[in-house]
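Asker: could you work out the structure for the sequence below:
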Amino acid sequence: MISTFFSVIIPTLNEEHFLPKLLADLSLQTFKRFEVIVIDANSSDKTVSLAREYAKYLKLKIRYPKMRNMIRFYFLILMICLLMVF
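Answerer: Numbering: from 1, shown residues only. Below you'll find the model as predicted:
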């Protein structure tokens, strides 16, 4: 099995109109060694169900932070990781 090379982290809140296009474009990539992590902040639309439809095309994880402020925390961690790499 090929290991994951990087992660695409997508924070969402009621993104049913935009998320399918992004996930469709990601599923068409020729480089497949990545995972997609959707962090949903308690969307009230079809965001999560639409994201689940792409699980058959992508290595997809859906996370639900307990508080909306957790998304800011995830981005802070992401930025620290990026700064350590570069």
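Asker: helices and strands of the chain: which one has the lowest mean pLDDT?
Answerer: helix 69-85 (a mean of 71; mean pLDDT, DSSP states H and E).
Asker: would you map the helices across the chain?
Answerer: With DSSP state H, the ranges of helices along the chain come out as 19-27, 47-53, 69-85.
Asker: could you dump the ones you listed into a markdown table with mean neighbour count added?
Answerer: (Glycine included, C-beta is placed from N, CA and C.) Below are these laid out as a markdown table (neighbours: other C-beta atoms under 10 Å):
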| stretch | mean neighbour count |
| --- | --- |
| helix 19-27 | 15 |
| helix 47-53 | 17 |
| helix 69-85 | 11 |
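Asker: which of these sits closest to residue 38?
Answerer: helix 47-53 (4.8 Å; C-beta to C-beta).
Asker: export that closest one as PDB, just CAs?
Answerer: The C-alpha coordinates for helix 47-53 follow below in PDB (Å, rounded to 0.1, in the frame of the first residue of the first chain):
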ATOM      1  CA  THR A  47     -22.100  19.600   3.400                       C
ATOM      2  CA  VAL A  48     -21.300  16.400   5.200                       C
ATOM      3  CA  SER A  49     -23.500  14.100   3.100                       C
ATOM      4  CA  LEU A  50     -22.000  15.600  -0.100                       C
ATOM      5  CA  ALA A  51     -18.500  15.100   1.300                       C
ATOM      6  CA  ARG A  52     -19.300  11.400   2.100                       C
ATOM      7  CA  GLU A  53     -20.200  10.800  -1.500                       C
END
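Asker: ok, and what's touching that helix?
Answerer: By C-beta atoms under 8 Å, 6 or more residues apart in numbering, the residues outside helix 47-53 that reach it are 12, 13, 14, 15, 16, 19, 20, 23, 38, 40, 60, 62.
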